[in-house]
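Student: build me a model from this:
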Amino acid sequence: MKVQVERLKEVSIEILKGLHLPEKEAGLVAECLIRAEMRGIDTHGVRFLKLLSDRVSRQMICIPTPLKVIREEGATALLDGGNGIGQVAAHKAMKISIQKARDYGIGITLVRNTNHIGILAYYTQMAAEEGMVGVVMCNSAPSMAPWGGVDPFFGTNPLSIAIPCNSKGPIILDMSSSVVARGKIRKAQRMKEPIPLGWALDESGTPTTDPVAALKGTLLPIGGPKGYGLALMIDILAGVLPGSQYGPNVKTFHEPLGPTGIGVFTMAIHIERFMPLVQFKTLIHSYSEMIKNSRKAKGVSRIYLPGEIEREKEEKSLLEGVELNDSVIDELNKLLEQVKSPVRLNSFQRK
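Tutor: Presented below is the predicted three-dimensional model:
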């Protein structure tokens, strides 16, 4: 069923406030989760609320987020997320990076000791909307072995880069360093569906289509050794450099094993330090059209830019609502009941 975007956001905020997040933090987290749902990335959407609730009940996360500036000098800053809400820490880091890029041409802010931050595109788009290039990386819990290995060591360690453009919106790359994000394996497990061959190996290192075996084994890096190298470098820049956890020391947010220790790297580049923004946007628009109008392979009717499919889904969701299955709606209503809210996501509120 489809739920209106604003209604889903209201429900999410109600749950988050019931978990004792301050109004500002609740609004920010809800916006990030709903944006993921709108863009078709439901693995990073409102299901996060149940995971957060579990951590709150076990006192495994600090609310409100005790964010601290550890070091700040020139174009750089280092924050400690205080084992609080990851979205709050990442949002603050990118805001600092954007301001430093205005002052110095480039801004780099790292975060240590935080948690799951949601879709990275949310933060890189912040920079793009200010006429800057945005770059965000973070590490995550072990799910991918070094190339040639079988034991999970790195996370899916995602990377996002956003580029301002004259067209409908920025070009946004948001990708994991594995062939597929671990969330898609979990979704296949929930739906009791097989996964494509080439996504993962089981515990013995044998290719598998069984999501349960895949979660016990290891995901495959994108491009083989290249994805392995990318995951390693992201782990160093987002984990080692800020003094956060890294490699197998990072804990998953999906199980109550303790603070995750996730690290985040944010960077903003002020385009006008290199050329006028209008000129840059015009060039990127022209460049994009060249790509989209290039000769297509047999059976292909359209060439997409990175993030274009997600942007179109977001626009459609804004008009038609967000698609949620009954189990997610039931879970949201259980959370509303748990936080003693009178609000319910009922059938008449669906679109």
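Student: give the buried residues for the longest helix seen in the chain.
Tutor: Across the chain, the longest stretch assigned as helix under DSSP state H is helix 86-104. Across helix 86-104, burial judged by 16 or more other C-beta atoms under 10 Å covers 86-98, 100-102. Bear in mind the C-beta positions are built from the backbone N, C-alpha and C, glycine included.
Student: cool, stretch 255-271 as well?
Tutor: Residues of stretch 255-271 classed as buried: 259-271 (neighbour count, 16+ other C-beta under 10 Å).
Student: may I have that stretch as CSV, with CA atoms only?
Tutor: Provided in CSV are the C-alpha atoms of stretch 255-271 (Å, rounded to 0.1, in the frame of the first residue of the first chain):
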residue,chain,number,x,y,z
GLU,A,255,22.1,-6.8,16.3
PRO,A,256,22.4,-5.5,19.9
LEU,A,257,26.2,-6.3,20.3
GLY,A,258,27.2,-2.9,21.6
PRO,A,259,28.3,0.5,20.1
THR,A,260,29.0,0.1,16.4
GLY,A,261,32.0,2.5,16.3
ILE,A,262,31.3,3.6,12.7
GLY,A,263,33.5,6.3,11.2
VAL,A,264,32.5,8.9,8.6
PHE,A,265,34.4,11.0,6.1
THR,A,266,32.8,14.2,4.6
MET,A,267,34.2,16.6,2.1
ALA,A,268,32.9,19.7,0.3
ILE,A,269,34.7,21.3,-2.7
HIS,A,270,33.9,24.9,-3.6
ILE,A,271,33.6,24.8,-7.4
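Student: list the contacts of the nearest residue to residue 90 once chain neighbours are set aside.
Tutor: In this structure, residue 90 finds its nearest non-sequential neighbour in residue 117, 4.2 Å apart by C-beta to C-beta, 6 or more residues apart in numbering. Neighbour list for residue 117: 86-87, 89-90, 123, 138, 262, 264 [criterion: C-beta atoms under 8 Å, 6 or more residues apart in numbering].
Student: tell me which two of the residues you listed sit farthest apart.
Tutor: Spatial extent of the contacts of residue 117 (C-beta to C-beta) is set by the pair 123 and 262 at 13.7 Å.
Student: which strand or helix spans residue 50?
Tutor: Counting by DSSP states H and E, the element that carries residue 50 is helix 48-57.
Student: that helix vs helix 86-104, what angle?
Tutor: Counting by axes from the mean of the first three to the mean of the last three C-alpha atoms, to 10 degrees, helix 48-57 lies at 100 degrees to helix 86-104.
Student: show me what counts as buried in helix 48-57.
Tutor: Quick answer for helix 48-57 (16+ other C-beta under 10 Å): 48-49, 51-53, 55-56.
Student: ok, the residues you listed vs residue 214, which is closest?
Tutor: The closest of these to residue 214 turns out to be residue 51 (C-beta to C-beta; 19.8 Å).
Student: residue furthest from the geometric center of this protein?
Tutor: In the chain, the residue that sits farthest from the middle, by C-alpha atoms, centre = their mean, is residue 298; the gap is 33.2 Å.
Student: can you pull the contacts of that one?
Tutor: Under the criterion of C-beta under 8 Å, 6+ apart, residue 298 has no neighbours.
Student: next one: residue 243
Tutor: If a contact means C-beta under 8 Å, 6+ apart, then residue 243 has 78, 112, 263 as its contacts.
Student: how close does the second one get to residue 73?
Tutor: Right, residue 112. If you measure residue 112 against residue 73 using C-beta to C-beta, to the nearest Å, the figure is 16 Å.
Student: so which of the two has more stuff around it?
Tutor: residue 112 (23 against 7; other C-beta atoms under 10 Å).
Student: packing partners of the helix or strand harbouring that one?
Tutor: Assigned by DSSP H and E, residue 112 belongs to strand 106-114. In terms of contact count using 3 or more C-beta pairs under 8 Å, 6 or more residues apart in numbering; DSSP states H and E, strand 106-114 is assigned the packing partners strand 76-80, helix 86-104, strand 262-270.
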